[in-house]
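Peer 1: Below: sequence and its predicted model.
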Amino acid sequence: MKRIARAATGFAALVALTSAQAAELPDSIKQSGTLRLTLNSTYAPMEYRDPATNELVGLDIDLANELAKRLSVKIVWSETPFAELIPSLQTKRADFIISGISDRKSRRETADFVDYLVTGPQFFTLSDSPAKTEADLCGKKVGTTRSTSFPQEIEAWSKANCEGAGKPAVQYVPGENSIDVRNQLKQGRIDAAVQGSETLPYAQQQEAGKYRILGKPISIGYQGVMFRKDDTTLREIVTQHLAEMIADGSYKKILEKWGLGANGVDKPMLNAAPQ
């Protein structure tokens, strides 16, 4: 009888906790039982479509699914070009964005970031490139995704390390997404490229012997879950559950599954990126 009583008490506590969590969610999510999340599925291993199954997979997918399970809601995914991610949030087509998006001061005018992954723009070339160090890229064509913060970071690096040393500036070449940029590199249209450091181990694994990393990331920042400024309720409950995932090891397990255990953070951080 005592065991049954304890079980009943435990179940009641679980029900109360679940109800409390549901009550904390915004009404639109609570009533529908769904999260509407928009992503750009061209950024493996963060989010992409598995070539064998066409299913959405990736680190961000796993994190979002774990969050949804803890919130007792389902996810309705939609896809959009990277440049449309922020507009999809501001027009409320998405409840929040978890799609390989970097926390930037310029983006915080209308949004808040809960930072959950260390990142940084990284130069890389084809393996047979004559470039041995980043300095060899001065005056060369370097491609990256146009709608990210990377073009500005390439420009800042070039001013400090090329023009500042009396060398010609890096010639920035825009691309639509990371797949497009890598294709430009393989086609010889650019001499080097920049992607987030978290994506390159996967690219090297998928195309063994194709790419070579040059140096270290040219800056260090964070990827974050992006929320509208006025959506503090949802931001806080997601922060709470991310913290619990870090504490119980499920966060680390997801990162290690995708080979990014070293990119983890000790706790979720609000608007922590310095740039």
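Peer 2: Happy to help now that I have it. Residues are numbered from 1 along each chain as shown.
Peer 1: how many neighbours does the closest residue to residue 254 other than its chain neighbours have?
Peer 2: Closest residue to residue 254 in three dimensions, ignoring its sequence neighbours and counting by CB to CB, 6 or more residues apart in numbering: residue 62, at 4.6 Å. Every C-beta, even on glycine, is put in place using the N, C-alpha and C of the backbone. For residue 62, the count of nearby residues is 18 (other CB atoms under 10 Å).
Peer 1: Tell me the spacing between residue 62 and residue 245.
Peer 2: According to CB to CB, to the nearest Å, residue 62 and residue 245 sit 11 Å apart.
Peer 1: The residue nearest to residue 254 belongs to a helix, doesn't it?
Peer 2: Yes. Applying DSSP: H, G, I helix; E, B strand; the rest coil, one finds residue 62 inside a helix.
Peer 1: which residues of the stretch 51-200 of the chain fall in helices?
Peer 2: 59-71, 85-90, 150-161, 178-186, 200-206 (DSSP state H, counting those that start in this stretch).
Peer 1: need those in a markdown table with mean pLDDT and distance to residue 222, can you?
Peer 2: Compiled in a markdown table, the helices of the stretch 51-200 of the chain are given as follows (pLDDT from 0 to 100; distance: least, CB to CB, whole Å):
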| stretch | mean pLDDT | distance to residue 222 |
| --- | --- | --- |
| helix 59-71 | 97 | 14 |
| helix 85-90 | 96 | 16 |
| helix 150-161 | 96 | 14 |
| helix 178-186 | 96 | 18 |
| helix 200-206 | 92 | 17 |
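Peer 1: Of these, which is nearest residue 238?
Peer 2: helix 59-71 (6.3 Å; CB to CB).
Peer 1: hmm, who's touching that closest one?
Peer 2: 21, 25, 35, 37, 39, 45-47, 74-75, 98-100, 116-117, 237-238, 241-242, 244-245, 250-251, 254-255, 257-258, 260 (CB atoms under 8 Å, 6 or more residues apart in numbering).
Peer 1: got the CA positions of it in CSV?
Peer 2: Extracted in CSV, the C-alpha atoms of helix 59-71 (Å, rounded to 0.1, in the frame of the first residue of the first chain):
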residue,chain,number,x,y,z
LEU,A,59,22.2,18.8,-33.9
ASP,A,60,19.7,21.6,-33.8
ILE,A,61,16.9,19.1,-34.8
ASP,A,62,17.8,16.9,-31.9
LEU,A,63,18.0,19.8,-29.4
ALA,A,64,14.7,21.1,-30.5
ASN,A,65,13.0,17.7,-30.4
GLU,A,66,14.3,17.2,-26.8
LEU,A,67,13.0,20.6,-25.8
ALA,A,68,9.6,19.9,-27.4
LYS,A,69,9.4,16.6,-25.5
ARG,A,70,10.1,18.3,-22.2
LEU,A,71,7.5,21.0,-23.0
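Peer 1: Give the buried residues for it.
Peer 2: Buried residues in helix 59-71, counted by 16 or more other CB atoms under 10 Å: 59, 60, 61, 62, 63, 64, 66, 67, 68, 70, 71.
Peer 1: ok, which pair from those residues is furthest apart?
Peer 2: 59 and 71 (18.7 Å).
Peer 1: returning to what we had before: so which of the buried residues of helix 59-71 is the closest to residue 192?
Peer 2: residue 59 (25.2 Å).
Peer 1: Give me the nearest residue to that closest one, chain neighbours excluded.
Peer 2: residue 258 (4.4 Å).
Peer 1: Number of residues surrounding the one you found?
Peer 2: Neighbour tally, residue 258, other CB under 10 Å: 20.
Peer 1: which residues touch the closest residue to residue 201 other than its chain neighbours?
Peer 2: Among residues not flanking residue 201 along the chain, residue 259 sits closest, at 5.4 Å (CB to CB, 6+ apart). Contact analysis of residue 259 by CB under 8 Å, 6+ apart lists 45, 201, 202, 205.
Peer 1: can you tell me how far residue 131 sits from residue 180?
Peer 2: 21 Å.
Peer 1: Who has more neighbours out of these two?
Peer 2: Higher neighbour count among residue 131 and residue 180: residue 131, with 18 against 15, using other CB under 10 Å.
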